[in-house]
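S.K.: Sequence first, predicted coordinates after that:
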Amino acid sequence: MKLYKIILVISALVLLAAPSFAQPGKIQLLWPSAQDAVMYELEIAEIAIRSNKQAPQENVVYTTPYIYTPGTEISLSELGERDISKLYYRVRPLDLEQNPIGPFTEPVALEKSEINPTKPATTAYHNRQPALLYPVYSWIPVLGAERYEIEVTNKSPENPNGTEPSQFRVRVYSMGRGFDYYDLEAFREAGTYYWRVIAFNDEGQPIGTYSDAVMFKVHTGGYHWAAFGDSITHGGGAISNPPSDRRFDYSAYLPFPVKNLGRSGDTSAMLADRFDSDVLPFKPQYLLILGGSNSIRGGAKGEEVIADLITIKQKCEANDIIPIFLTLPPVNPERIERVFDQSTADNWQLELAKVNAFLRTQPYVVDIYSALVDEKGILPVKYAQDGLHPDISGKKVIAGQIMGFLAKTRLP
């Protein structure tokens, strides 16, 4: 009897004794996240191909380029009745146009992957210190899921990998299909927290159990450095990679710890409004400030953004915080329109230039604009595939500019 049939028989026997949330007949594939990958091409073949070419068509069992996370779940029915002990999978990273940006991974025997996983696989590990002020929770999409529930607790859940809420629950969120959730509630209270996620089908029944709980710690006060801004500061990039991936945080490339106080979607006015609640609890000595891009591309006047930045500067000075401004980077309206279906104000370059001219008059300013702009005055695709959020390559440029500034600047 083929291994595939054996698996189905075992799955059926397990179902007779298992709770109703078991979901048989699938396999979970995982792989390392590639730099600046928008999506991945998955190939399952009957032979182990070790070249960087696609497998011969007659040997390909399953292939798709539409995977936006470093892993996936697929139905075993996609493989027909083939013996999975004789199948291999590999992936390669693609850009927005589905062009390869890296080689295929080494082939992996399909039988080494998890058959009929009972819980979601998380991709946000929060082993970063300091933790994001506004966490982002992410996972590999669960096959057949129509809804997810994300639970945050202030102690390790007493019912690991169950389906019932924890008695230590402090927050809970619900969302439809997807693979990440942006928490809009800041974590300002010191403590140790945990998050986990569970999937539900279209009938509202859980698909498996809660994921393993992921721990993150929040500390307040005593920070030398913090970064304050919108999504460019918050993190994320290459379209499909959320801020939970530390590689898309420019502070990851600085040689000292930085508390990330970024929040995606903020305008300069929103930054000024939340300064007291989101900056002061952490008492940073130096504050890296990058904000105004959303305002400018949305049609705000440069003078409006400058007024907000002056307010932030005044709040810094009133609280003995040294403000270090970053110039606003350029954007790429064509890519923004394509990826987000959002238009950019026609006069964005003029208004952005006003803001950057003001910033260059400040005592401490890091010029990232000149390092990211191309000859057309826009943000090139090599630094930001969505035209707005710098990818890993762009975040490294920002960090490099900060290090260059620090090398020639004597701070108080």
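M.R.: Yep, that arrived.
S.K.: Now the element after the lowest-mean-pLDDT helix or strand in the chain, going C-ward?
M.R.: Of all helical and strand segments in the chain, the minimum by mean pLDDT, DSSP states H and E falls on helix 3-17, at a mean of 35. Reading on from helix 3-17 to the C-terminus, the next helix or strand found by DSSP states H and E is strand 26-30.
S.K.: could you show me where the strands are in the stretch 51-200 of the chain, in order?
M.R.: For the stretch 51-200 of the chain, applying DSSP state E, counting those that start in this stretch gives strands covering 60-67, 71-75, 88-94, 108-109, 114-115, 136-138, 147-153, 169-175, 180-182, 191-200.
S.K.: again, but for the stretch 201-350 of the chain
M.R.: Taking DSSP E, counting those that start in this stretch, the strands of the stretch 201-350 of the chain run over residues 206-207, 214-218, 225-229, 259-260, 286-290, 322-326.
S.K.: and the angle from the third one to strand 322-326?
M.R.: Yep, that's strand 225-229 we're talking about. Angle, strand 225-229 to strand 322-326, by axes from the mean of the first three to the mean of the last three Cα atoms, to 10 degrees: 50 degrees.
S.K.: for strand 225-229, the distance to its chain's centre please.
M.R.: Here strand 225-229 is found 18 Å from its chain centre; the criterion is Cα atoms, centre = their mean, to the nearest Å.
S.K.: For it, enumerate the helices and strands it packs against.
M.R.: strand 259-260, helix 268-278, strand 286-290 (3 or more Cβ pairs under 8 Å, 6 or more residues apart in numbering; DSSP states H and E). From N, CA and C alone the C-beta is placed, and that goes for glycine too.
S.K.: so what strands line up beside it?
M.R.: Within its sheet, strand 225-229 is paired with strand 259-260 (parallel), strand 286-290 (parallel), according to DSSP bridges.
S.K.: Point out the one among the strands of the stretch 51-200 of the chain that comes closest to M270.
M.R.: With Cβ to Cβ, the closest approach to M270 among the strands of the stretch 51-200 of the chain belongs to strand 180-182: 14.6 Å.
S.K.: Partner strands of that closest one and their direction?
M.R.: Short version: by DSSP bridges, strand 180-182 pairs with strand 136-138 (antiparallel).
S.K.: Can I get the helices and strands packed on strand 225-229 in CSV including mean pLDDT?
M.R.: Output for those, formatted as CSV (pLDDT from 0 to 100):
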stretch, mean pLDDT
strand 259-260, 97
helix 268-278, 98
strand 286-290, 98
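S.K.: Turn those into a markdown table, including distance to I296 and mean neighbour count.
M.R.: Formatted as a markdown table, the helices and strands packed on strand 225-229 follow (distance: least, Cβ to Cβ, whole Å; neighbours: other Cβ atoms under 10 Å):
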| stretch | distance to I296 | mean neighbour count |
| --- | --- | --- |
| strand 259-260 | 22 | 25 |
| helix 268-278 | 9 | 18 |
| strand 286-290 | 13 | 25 |
